[in-house]
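**Student:** Give the three-dimensional model of this entry:
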Amino acid sequence: MMTNDTLLTLDTVSKAYGREAKKFVAVRDVNLQIRAGEYVCLLGPSGCGKSTLLRVIAGLNPATSGTVLYRGKPLVGVNPHATIVFQTFALYPWLTVEENVEIALKARGVPQTGRRERTLKLIDTVGLDGFESAYPRELSGGMRQKVGFARAMAVEPELLCLDEPFSALDVLSAEALRGELMELWLSKSIPTQAILMVTHNIEEAVFMADRIVVMEKDPGRVLTEMQVTLRHPRQRKDTAFQAVVDKVYAAVAGKTQPEAEALGTAPGQPGKTQPLPAARLNALAGLLEKVAGEGGGGDLYKLSVELVLELDDLLPIVEAGELLGFATVQEGDLTLTPLGQAYADANILARKELVAGRVLRLPVISWIYETLQQDDNKRVAEEYFLDKLQPDFGGLAGQQLDIAINWGRHAELFAFDDDTDELFLEV
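**Tutor:** Numbering: from 1, shown residues only. Purely as a prediction, here's the structure:
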């Protein structure tokens, strides 16, 4: 329900790319509201449409279907009330700090007489006083991103959109900039009325947000929303903080799907062809060994911290373990199956045989293997498989074939000839 403080409303918004036959649906039927005074995070794995939604909200990309309302009115063209800070610094290298910020005011038609005073005030606000005449090449990554924040806030947006703004920074710079942004936001030192941030970092979302919108992919859609009621400043080691992180991990990881649904069907057959997770099987081996060494189970949040893995790195490995029947996930906890325990205990040769049998259960892998077996030379051009995968995966067909080849090679089922661009059976 829309209220007087509602800034943004998305009503069953979808965004697709390409023609009907090869259409890729980035997001489907997304409903979302952003209210004044909120700091909201869009959280989810890569490919779930977070950045796509941000661009739709900013008016940079129109929605394919559904309605985007800003203060109750349909959004047409670029949203004049929103600005985006991107993960890359996007500064003009030939302009100074002052000129990079001032150019945003010039683009909005602010008179020259008032531009410099406003620019210098913003530079001081983000803590760059004294660097007005410096060029981007003379600044650290964190300082360059501060210039991006100053430029975005120069036009005094009601809605500040952040597209993984800390991901290109080193750990210490990112942590410092998060704290500074929260100080500006909580002290109301900036005129922004709401912040919408895209991230795949669960701790970052819990540290900063009032509300976390969890998304999933294939296609991108809202899975659930979670309120974060912890007081600021938030401490990562607090039990309450870690409990919220665990809860979000559980929502993002979900639970192991029934086998028929998880495996899907082969290309060209009725039903959905499920994508293979972008994980290397040797990374899965390491995860299974670690969990086996800790009694056969583990909390995903703690595992990610101990293995120094981001959400986008850990989830595909976990999903691979689920697909192969080596592990199950429930409420943020990973548990080895008897098969997974057997794999962790096995020697190298036994592991190869075990993986080969499990990988051949996957429809995409078995389809490639059977196609190669049926060929007289046991060799088939890469282009053939790409054409067959295209209807299901569109522009991601090449990525899916690469994953299948890596898994097939790991299991010693089939491999790829770089000289002829052919897949061939391992002998």
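
**Student:** Can you mark which positions in stretch 314-328 are buried?
**Tutor:** Counting neighbours by 16 or more other CB atoms under 10 Å, one finds that the buried residues in stretch 314-328 are 314-328. In short, each C-beta sits where N, CA and C put it, glycine included.

**Student:** Residues in contact with that stretch: which ones?
**Tutor:** 45, 252-253, 255-257, 262-263, 276-279, 281, 283-284, 287-288, 291, 300, 303-304, 307, 309, 329, 334-337, 339-340, 343, 355, 358-359, 361-362 (CB atoms under 8 Å, 6 or more residues apart in numbering).

**Student:** now that stretch: how far from the chain's centre is it?
**Tutor:** 18 Å (CA atoms, centre = their mean, to the nearest Å).

**Student:** Just the buried residues of stretch 314-328: which are in helices?
**Tutor:** Using DSSP state H, the members of the buried residues of stretch 314-328 that fall within helices are Leu314, Leu315, Pro316, Ile317, Val318, Glu319, Ala320, Gly321, Glu322, Leu323.

**Student:** Return the member of those residues nearest to Leu8.
**Tutor:** Leu315 (28.0 Å; CB to CB).

**Student:** unless I'm mixing things up, Phe241 is touching Ala205, no?
**Tutor:** No - using CB atoms under 8 Å, Phe241 makes no contact with Ala205, being 11.6 Å away.

**Student:** which one of the ones in helices among the buried residues of stretch 314-328 sits closest to Ala63?
**Tutor:** Leu315 (27.1 Å).

**Student:** Can you read off the pLDDT for that closest one?
**Tutor:** With respect to pLDDT, Leu315 scores 90.

**Student:** Would you map the strands across the stretch 201-350 of the chain?
**Tutor:** 211-216, 221-227, 297-299, 327-330, 333-336 (DSSP state E, counting those that start in this stretch).

**Student:** Serialize these to JSON lines and add fields for distance to Leu95 and mean pLDDT.
**Tutor:** JSON lines is the format used below for these (distance: least, CB to CB, whole Å; pLDDT from 0 to 100):
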{"stretch": "strand 211-216", "distance to Leu95": "35", "mean pLDDT": "92"}
{"stretch": "strand 221-227", "distance to Leu95": "39", "mean pLDDT": "92"}
{"stretch": "strand 297-299", "distance to Leu95": "48", "mean pLDDT": "88"}
{"stretch": "strand 327-330", "distance to Leu95": "49", "mean pLDDT": "90"}
{"stretch": "strand 333-336", "distance to Leu95": "49", "mean pLDDT": "92"}
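
**Student:** Return the residues in contact with Pro219.
**Tutor:** By CB under 8 Å, 6+ apart, the neighbours of Pro219 are Val25, Ala26, Val27, Arg28, Gly49.

**Student:** for the stretch 51-200 of the chain, which spans come out with low pLDDT?
**Tutor:** 89 (pLDDT under 70).

**Student:** what's the nearest residue to the most centrally placed residue in the chain if we skip its chain neighbours?
**Tutor:** In the chain, the C-alpha nearest the mean C-alpha coordinate belongs to Ser46, at 3.0 Å (CA atoms, centre = their mean). With sequence-adjacent residues excluded and distances taken as CB to CB, 6 or more residues apart in numbering, Ser46 is closest to Asp312, at 5.0 Å.
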